[in-house]
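Colleague: A structural model of the following input is requested.
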Amino acid sequence: MYRPVLCLLLLTFTSPAYAADQPPNILLIMADDVGVECLGCYGGTSYPTPRLDRLAETGTRFTHCYSMAVCHPTRITLMTGRYPFRFAARWGDFPNDVAPSTIGPLMQQAGYATAVAGKWQIAQLRDNPQHPRQLGFEESSLFGWHEGPRYWQPLIWQNGRIRDDVADRYGPDVYADVLIDFMEQHRDGPFFAYFPMALCHDVTDDLDAPVPFAPGKDRYESYAEMMAHMDRIVGRLVDALDRLDLRDETLIIFTTDNGTASRSIAGVRDGKLYREPVVSRRGDEEIPGGKGTLRDTGTNVPLIVNRPGHVPAGVVRNDLVDFSDFLPTLAEIASVTLPEDVPYDGHSFAACLQEDRQGTRTWAFAEHKGKAFVRNRRFKLYNDGRFYDVQADPRERRPIEDDASPQARQARQQLQAAFESTGWFENRKN
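Modeller: Residues are numbered from 1 along each chain as shown. Modelled structure (predicted):
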């Protein structure tokens, strides 16, 4: 049986640039709806995350990684290395005309075996079951978005066909099993295993009837329970690499697609789904989920990179990263040349995986429903002119006025120039 793999990125570095006799295996894991406040290694105290905390302790953790505010635009950005406003794709669609320049085909060009498991959400698989293969993934195991359950009694498309042997299985373990099998089958490498997790998104709410509960339960898993499963499954993937003696040959990258949701579906009353709020603690602060907003609670996401003996251990980096950067980073690690005729937005952060080097990004970008921001570590400028010192005012309650300090005025000018360089104001297609 083919099993899903958790996303790990394998790197070997030499100065001054990345190089390797054989490209590393890459496991790229992207959890769903998990903000930085949820992980213990980022100061979260609501949910035990021992396996992720261990990856951070023995790897490199980034504090300034920024996603889009919701899942579909983040996935387009990760796959294409370009910002969503450059495409006319509707919600759930993908700009298929750019497929040859996306992550999957580039990794194939570099000689990688490729697989994806978990959540796709860039096409309706019932309309195009071969879409993952068209985007460069030779193996796939993905739940049918808007077609059926993702957790218990999951509806899973595997390599273009619906599986008929998972009615008694928990979907997230099925996806992990597929990737573990894939890694074992390709243990001589190199492989690229992409794991866009179903966890910790709540159950789907767009089917004719509510999806099943877990066996013996009368409600859906809470956010805390999903966090525990997410951390456990990350651990399963790491343990599989250890068992296969591939741990030192595989680079693991863990991130998430956006911040924590403000509410999560908890159960069914009178035939209708009901939701409960999600509030997490970080130190003494209670933080409501901010998914769907452009504030830090919606866009500041975890980024952990780990490979024993190759990526510095116990290091915390404040380099800026946004989701357009994953594609050029993977390309550099895989030693594949990007096509010169594609205007990628991303900057490789591979150099940040060496202690004596710095990233090149000076601002990060995110957008949502016709609004956007550019920001550096301290200041943040929106497309409508609102300007904040998010270091002092993370909840963005006090816009900076025109009579700000010289430092703020200079930052505003720099960020305005960065905004104009994106082409947002004249070239938006969405």
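
Colleague: what about the longest helix in the chain?
Modeller: When the chain is parsed with DSSP state H, its longest helix is helix 223-243.

Colleague: List the buried residues for that helix?
Modeller: 223, 226-238, 240-241 (16 or more other CB atoms under 10 Å). All C-beta atoms are positioned from the backbone trio N, CA, C, and that covers glycine.

Colleague: for stretch 39-56, same thing?
Modeller: 39-42, 44, 46-47, 49, 51-56.

Colleague: want to try JSON lines for these, with pLDDT as columns?
Modeller: Output for the buried residues of stretch 39-56, formatted as JSON lines (pLDDT from 0 to 100):
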{"residue": "L39", "pLDDT": "98"}
{"residue": "G40", "pLDDT": "98"}
{"residue": "C41", "pLDDT": "98"}
{"residue": "Y42", "pLDDT": "98"}
{"residue": "G44", "pLDDT": "98"}
{"residue": "S46", "pLDDT": "98"}
{"residue": "Y47", "pLDDT": "98"}
{"residue": "T49", "pLDDT": "98"}
{"residue": "R51", "pLDDT": "98"}
{"residue": "L52", "pLDDT": "98"}
{"residue": "D53", "pLDDT": "98"}
{"residue": "R54", "pLDDT": "98"}
{"residue": "L55", "pLDDT": "98"}
{"residue": "A56", "pLDDT": "98"}
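
Colleague: Looking at those, which are in helices?
Modeller: 51-56.

Colleague: Determine which two of those are furthest apart.
Modeller: R51 and A56 (10.1 Å; CB to CB).

Colleague: Between those two, which contacts overlap?
Modeller: Residues touching both R51 and A56 by CB atoms under 8 Å, 6 or more residues apart in numbering: none at all.

Colleague: ok, back up a step: closest to P73 out of the ones in helices among the buried residues of stretch 39-56?
Modeller: Distance to P73 across these (CB to CB) is lowest for L52, with 24.3 Å.

Colleague: Please determine how far that closest one is located from C38.
Modeller: 9 Å (CB to CB, to the nearest Å).

Colleague: try Y66
Modeller: 16 Å.

Colleague: These two: who's more crowded?
Modeller: Using other CB atoms under 10 Å as the criterion, Y66 and C38 rank with C38 on top: 32 against 25.

Colleague: Leaving out chain neighbours, which residue sits closest to that one?
Modeller: Using CB to CB, 6 or more residues apart in numbering and skipping residues adjacent in sequence, the residue nearest C38 is G44, 5.0 Å away.

Colleague: what does V321 give?
Modeller: C65 is the one closest to V321 (CB to CB, 6+ apart), at 4.4 Å.

Colleague: what does the host helix or strand of the one you found rub up against?
Modeller: With secondary structure defined by DSSP states H and E, C65 is part of strand 60-66. Under the contact criterion CB under 8 Å, 6+ apart, strand 60-66 has outside partners 36, 41-42, 255, 299-306, 311-313, 315-323, 349, 352-353, 364-366, 375, 377.

Colleague: What subset of the residues you listed is buried?
Modeller: Buried, going by 16+ other CB under 10 Å: 36, 41-42, 255, 299-306, 311-312, 315, 317, 319-323, 349, 352-353, 364-366, 375, out of the contacts of strand 60-66.

Colleague: Let me know the helix or strand that S141 is in.
Modeller: Here S141 is assigned to strand 139-143, by DSSP H and E.

Colleague: average pLDDT across that strand?
Modeller: In this model, strand 139-143 has a mean pLDDT of 98.

Colleague: Check which helices and strands that strand sits against.
Modeller: Counting contacts by 3 or more CB pairs under 8 Å, 6 or more residues apart in numbering; DSSP states H and E, strand 139-143 packs against strand 113-118, helix 131-134, strand 156-158, helix 171-185.

Colleague: Using CSV, please lay out those together with mean pLDDT, mean neighbour count and distance to I265.
Modeller: Converted to CSV, those look like this (pLDDT from 0 to 100; neighbours: other CB atoms under 10 Å; distance: least, CB to CB, whole Å):
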stretch, mean pLDDT, mean neighbour count, distance to I265
strand 113-118, 98, 29, 19
helix 131-134, 98, 20, 27
strand 156-158, 98, 24, 20
helix 171-185, 98, 24, 15
